[in-house]
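[1] I'll drop the sequence and a predicted model, then ask my questions.
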Amino acid sequence: MTQLLLLPGDGIGPEIVEATHQVLKAVAELHDLELTYRWGSIGFESLAEYGTTITGETIEAARKADGIVLGPVSHNEYPSINEGGLNPSAVLRKSLDLYANVRPAVNLTGITGPTGKPMDLVIFRENTEGFYADRNMHSGPAEHLVTEDVSIALRRVTRQASMRIAQAAFKQAEQRRSRVTAVHKANVLRTTCGLFLECCREVASQYPGVVYEEQLVDSMAALLVRQPEVYDVIVTTNMFGDILSDLASELAGSLGIAPSLNSSETHAMAQAQHGSAPDLAGMNQANPISLISSTGMLLAWLTVRSGNMKFLAAANSIDRAISKTLARPEDRTADLGGAASTSRFTQLLISNLE
């Protein structure tokens with residue numbers, strides 16, 4: 001029996017998590033998977049009931065679950081940390097050591113980006129340190145207000161974190177087109193990016209069959225627009241990966257269809273790349289593809305962890321059903337130029353499961 005923890009979150013979160021739940025139930029029945037579901041509370045709902053946007057009980061439930069489906073959160077609107085306004089996503093990434101944020105950027109059926117160029121790449125973003133002040137210190141944030149006119153942010157890059165994200169990227173490249181691009185800014189961040197590149201080069205030496213190259217982050221942004229078809233696996237630090245993955249996803253078609261998996265060897269969390277879109281909350285108009293596709297990645301991860309190939313079959317069924325559903329423009333949600341509601345698109349997708 002495999003237990004998934006479902007965390008609806010804020011804004012459109014409850015709608016797209018429920019859509020994902022419906023797809024999971026259908027694909028589990030189709031492929032004879034024994035899935036159970038536990039629901040938890042995060043975000044504003046948790047803040048109102050417990051005084052914090054994520055409780056210790058929820059973190060423990062996530063630790064015990066076989067996988068997590070995390071809905072979007074409106075953390076920019078939360079009160080201060082002292083008032084319970086924690087970012088649930090960051091808390092779970094740090095608490096469960098979800099060091100790899102894997103974000104594919106791939107053209108889907110009938111969906112083209114603004115340049116019209118083909119996209120099929122995946123970004124491996126280090127997820128636990130870098131410039132992200134809410135997760136790179138053992139205690140407290142890594143931003144400091146020295147005086148009312150001076151603020152300082154600290155960047156942490158470690159050998160351990162850099163080595164393991166590089167290992168994950170090269171391992172994936174072996175299953176794809178055998179090319180890894182390490183993205184950095186070592187011309188100005190010589191120490192931190194220098195250490196990151198040192199680790200990438202060491203790992204590259206262990207994979208002689210994989211072509212390895214390095215690219216400055218600003219150049220990489222331009223090259224993704226100019227020649228995205230060249231790139232296969234991109235590995236980089238936290239902030240650079242966050243920015244480049246949003247760019248790549250939009251170039252591939254839309255953030256609304258972009259999947260994302262946060263993972264380690266022992267835990268994994270599906271999470272849409274996009275935000276909570278509070279202006280669409282409760283309107284049955286949100287595009288659920290990003291979270292559904294992310295949950296497909298979670299099922300594929302469970303294949304590796306459990307050795308049960310039924311999980312991979314289910315993940316592939318979800319991918320095929322998304323493509324088949326998108327094939328008819330009128331069946332897409334409004335953000336993709338169609339007329340389908342969230343619930344209508346979800347039911348169409350379920351009907352296309354094989």
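    Received the coordinates, thanks.

[2] Where does the prediction get shaky in the stretch 101-250 of the chain?
    Residue ranges of the stretch 101-250 of the chain with pLDDT under 70: none are present.

[3] For the stretch 201-350 of the chain, which segments are assigned as helices?
    Counting by DSSP state H, counting those that start in this stretch, the stretch 201-350 of the chain has helices at residues 217-226, 238-252, 289-306, 309-326, 342-351.

[4] deepest of those, which one?
    helix 289-306 (a mean of 24; mean count of other Cβ atoms under 10 Å). The C-beta positions use only the backbone N, C-alpha and C, and glycine is treated the same way.

[5] how far does that one sit from the chain's center?
    Between the centre of helix 289-306 and the centre of its chain there are 11 Å (Cα atoms, centre = their mean, to the nearest Å).

[6] Ok, stretch 280-290 next?
    18 Å.

[7] neighbouring contacts of that stretch?
    With contact meaning Cβ atoms under 8 Å, 6 or more residues apart in numbering, stretch 280-290 is reached by 10-12, 15-16, 19-20, 108, 254-260, 272-274, 277, 322, 333-336, 341-343, 345-346.

[8] can you check stretch 334-353 too?
    Contacts for stretch 334-353 (Cβ under 8 Å, 6+ apart): 15-16, 19, 22-23, 26-27, 30, 111, 253-254, 256-257, 284-289, 292, 317-318, 320-322, 324-326, 329-333.

[9] ok so, going back, which among the contacts of stretch 280-290 end up buried?
    Buried members of the contacts of stretch 280-290, scored by 16 or more other Cβ atoms under 10 Å, are 10-12, 15-16, 19-20, 108, 254-260, 272-274, 277, 322, 333, 335-336, 341-342, 345-346.

[10] correct me, but residue 113 touches residue 252?
    Yes. Counting by Cβ atoms under 8 Å, residue 113 does reach residue 252; the two are 5.4 Å apart.

[11] Overlap in contacts, these two.
    Counting by Cβ under 8 Å, 6+ apart, the residues touching both residue 113 and residue 252 are 107, 119.

[12] residues touching the residue nearest to residue 165 when sequence neighbours are not counted, list them.
    Spatial nearest neighbour of residue 165, chain neighbours left out: residue 126 (4.3 Å); criterion: Cβ to Cβ, 6 or more residues apart in numbering. Going by Cβ under 8 Å, 6+ apart, residue 126 touches 99, 100, 101, 161, 162, 165, 236, 237, 238, 241.

[13] From those residues, which land in strands?
    100, 101, 236 (DSSP state E).

[14] How about the second one: which residues does it bridge to?
    In this structure, residue 101 bridges to residue 125, residue 262 when assessed by DSSP bridges.

[15] neighbours of it, just the number please.
    24 (other Cβ atoms under 10 Å).

[16] hey, what's the residue of the chain most remote from its centre bridged with?
    Here the chain reaches farthest from its C-alpha mean at residue 147, the gap being 35.9 Å by Cα atoms, centre = their mean. Here residue 147 sits in beta bridges with residue 150, as judged by DSSP bridges.

[17] Measure how far stretch 64-79 is from the centre of its chain, please.
    Using Cα atoms, centre = their mean, the offset of stretch 64-79 from its chain centre is 12 Å.

[18] My error: substitute stretch 212-223 in the last question.
    21 Å.

[19] Check the separation of the first and last residues in that stretch.
    Distance between the two ends of stretch 212-223: 16 Å, counting by Cα to Cα, to the nearest Å.

[20] how close does the residue nearest to residue 165 sit to residue 242?
    Distance from residue 126 to residue 242, counting by Cβ to Cβ, to the nearest Å: 10 Å.
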